[in-house]
Structure formats: structure tokens, C-alpha cells
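Trainee: Pasted the sequence and its predicted model underneath.
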Amino acid sequence: MDFLDGGKDDDTLIGDTGDDNINGAEGNDRLIWNNGDGSDIMEGGAGFDVLEVNGADGLGDNFNLKTFGPRVIFERLNLGQFTLNVDDVEQFEINGLAGNDTLTVNDLSGTDAQLVVFNGGEGDDSLDGSKAVLPLVGIGGNGDDTLIGGAGDDILRGNAGNDYLVGGDGDDFLVGDAGDDTLIGGNGNDTLRDFLGKNTLISGVGNTNFAFDAGSAFNSNNFGTSNIVNFDASKDKIRLEQSTFTALTSTGSGGLDSSQWEVVFGDAEVEGSDALIVYNSTNGSLFYNQNGNEAGLGNGAVFATFQTSGTSDIFGNTTFISSNPSLGIGDFEIA
């Protein structure tokens, strides 16, 4: 067994093959485990310390985080199995790399853990944080990822692929990115952000912000249509970013004014509207009219429709029914 000791400074300590005893001591230290290393005892020591784990590239890891008294046990349940016995570490960074990786985060209460970050990488990755209490950051890659948060304030981002993101409790921030994604809020005050692909954004029990932000100006060629499910005007908001909806000039809560908003009763009326945000209350379609009072929509298009969740069959499959909620300028935030 090798013994690695840091000092008073901020150290980076890397184990090797075999079972190591790693002690960060004082300072803000980074303790690194790479695929092929052994089962190690890791002590972060004083300061804010990070444990970085790099999985088996391309093979698909099955990781698990749990407690053993006041200590955290990090283990791999497949491939070359190992166990890390950890104390005095505040942040855990798990890099799955390529392959279909899985991380399960259990309740780590009573330990020094404050944050878990999961980078799934390439492949169809899964984060199960449903039992977690601390905040989680879950980042998928180019595959079809499933990221489930817990009781903390979580950040979940699917990136490319058809992703399934669930916030859970806490005030969560969910981003789908490219692909046909499903984003589900939970019991907290959540933000669901998506803009590419055909997405389903489902309101939770708490206040939900449905955020539309492409990071660039709206273009109908690459801006998808999102289905907003269970929108509740008494608690939910539709957030439009000015960097995407560039014709909008208002800011703040309820930022639309009456000249920028119109309710119509058929899609044929949309292109004739002078308003920038046009809502067809007959079929529940929401449009961006980039051209304003000029003919056509310019680079604008329909960007959202509305549905309500119906009954579930015996297999747990839920049906969705088109809906047309009553919307007004107070349902929007311009940022």
C-alpha cells in the first residue's frame, strides 16, 4: 500500500495501481482515481476538497455512492470492481467517459459531501439521484440520457440525444439541448429550458418557468417546437430570452405589453398579426412573429403548443391531450 500525503498547500494527489492511502491534509485538494487504480482510503482533510473519478472509457461503468457511518463509500459494481472509502471530501466529480454509464446517489446526509457532479460522456448514461438530499449536477453527452434529481437544487443537462430529465424536489434547472427531450419539473420552483428538437416540458407541483433560449437569434430552421404540459397560469411562467426573441424590447416580469401580444382564433390569422408573440387560442399554438407588422413571420415560427396529461393505462403510459389555456401578457417574463 502506498501512502500519499499533501501539505498546507492546494494539492493534486493521484493514486496508482494497488490499494493506496491518500491524505490531502490542509488546503483545497483534488484526489484523483483513474480506471485501473485499486481500492483506496481517501482523506480530504481541512479545506474544500474534491474527489475526481474517471471511469473505464467505452466500457460502461455502474457506479454507486452510499454512506458508511460518517464516511462516503464510492464503488463500482461491474467491470473491475473497487471501493473508495472517503472522508472530509466536499465535492465528488464522476466522469463516465464513453460507454453507457450509470451513477446511483443515495442519501449522503451525515457526511461531509456537499455536491455530486456526474459527467456521463458519450453513450446512453443514467443518473439516479432520487434518494439524494444534497445538490446534484448531471450532464449527459451525445446519447439518450436519463437524469433524475433528488431533494436538492439540481442542475441537469442532457446535451445531444433524446434525453429524459426529472427534477425531483428542490429548485431545479433542467436543460434538454438538441434532440427530442422530456423535461419534468418537481415539487420545487423549477426552470425547464429547451429549444432544439420536439420536446415535452411538464410542469411540476411547484412554480415552473418554461425558458426558451437558443443562445442565438430565433431561426425557424433550427428552433424546435416544445409541448408544454399542465401549464398552470396561477404559478407558471413562460420565459423568453431577448437574445433569442430579438424583436422584443421589454424586460422584467410580465414584460410583454399589449402591442406585442395578440390572441387569434386560427393559424391563418397569425401571419396577418402585427404582434410579436401571437397565440392561437383555438389549438393552443404559440408563435413568434419576428417581422412584426410586415408580411409573414420572418425567421419566426410556432415554438410551443400546450397539452394536459390524461389517464394512464395499466402499463403506466400516460396519454396527453391538446389544450388551449387562457394566456395573457402576465404569463410571460422577458429577460
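Mentor: Good, I have the coordinates.
Trainee: quick one: buried residues of stretch 213-223?
Mentor: Applying a neighbour-count criterion of 16 or more other C-beta atoms under 10 Å, the buried positions in stretch 213-223 are 213-214, 218, 223. Yep, even glycine has a C-beta here, placed from its N, CA and C like the rest.
Trainee: Off-centre distance for stretch 114-130?
Mentor: Mean-position distance between stretch 114-130 and its chain equals 10 Å (C-alpha atoms, centre = their mean, to the nearest Å).
Trainee: closest to G206 among the buried residues of stretch 213-223?
Mentor: D213 (20.6 Å; C-beta to C-beta).
Trainee: For that closest one, which non-adjacent residue is spatially closest?
Mentor: With sequence-adjacent residues excluded and distances taken as C-beta to C-beta, 6 or more residues apart in numbering, D213 is closest to E241, at 3.8 Å.
Trainee: Please identify the one among the buried residues of stretch 213-223 that lies nearest to F195.
Mentor: When these are compared against F195 (criterion: C-beta to C-beta), the nearest one is A214, at 4.4 Å.
Trainee: Name the helix or strand for the closest one, please.
Mentor: Using DSSP states H and E, A214 falls within no helix or strand.
Trainee: Spatially central residue for the chain, please.
Mentor: L156 (2.0 Å; C-alpha atoms, centre = their mean).
Trainee: how close does it get to T17?
Mentor: Per C-beta to C-beta, to the nearest Å, L156 is found 34 Å from T17.
Trainee: Kindly report the same for S226.
Mentor: S226 sits 49 Å away from T17, going by C-beta to C-beta.
Trainee: ok so, going back, how about TSV for the buried residues of stretch 213-223, with distance to S259 added?
Mentor: Shown next, in TSV, are these (distance: C-beta to C-beta, whole Å):
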residue	distance to S259
D213	23
A214	24
F218	19
F223	23
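Trainee: Distance to V116 and pLDDT added to these, as JSON lines?
Mentor: JSON lines is the format used below for the buried residues of stretch 213-223 (distance: C-beta to C-beta, whole Å; pLDDT from 0 to 100):
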{"residue": "D213", "distance to V116": "26", "pLDDT": "88"}
{"residue": "A214", "distance to V116": "29", "pLDDT": "83"}
{"residue": "F218", "distance to V116": "35", "pLDDT": "93"}
{"residue": "F223", "distance to V116": "33", "pLDDT": "83"}
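Trainee: and which of these is nearest to R71?
Mentor: Using C-beta to C-beta, D213 comes nearest to R71 of the buried residues of stretch 213-223, at 41.0 Å.
Trainee: Who are the contact partners of that closest one?
Mentor: If a contact means C-beta atoms under 8 Å, 6 or more residues apart in numbering, then D213 has 193, 195, 239, 241, 243-244 as its contacts.
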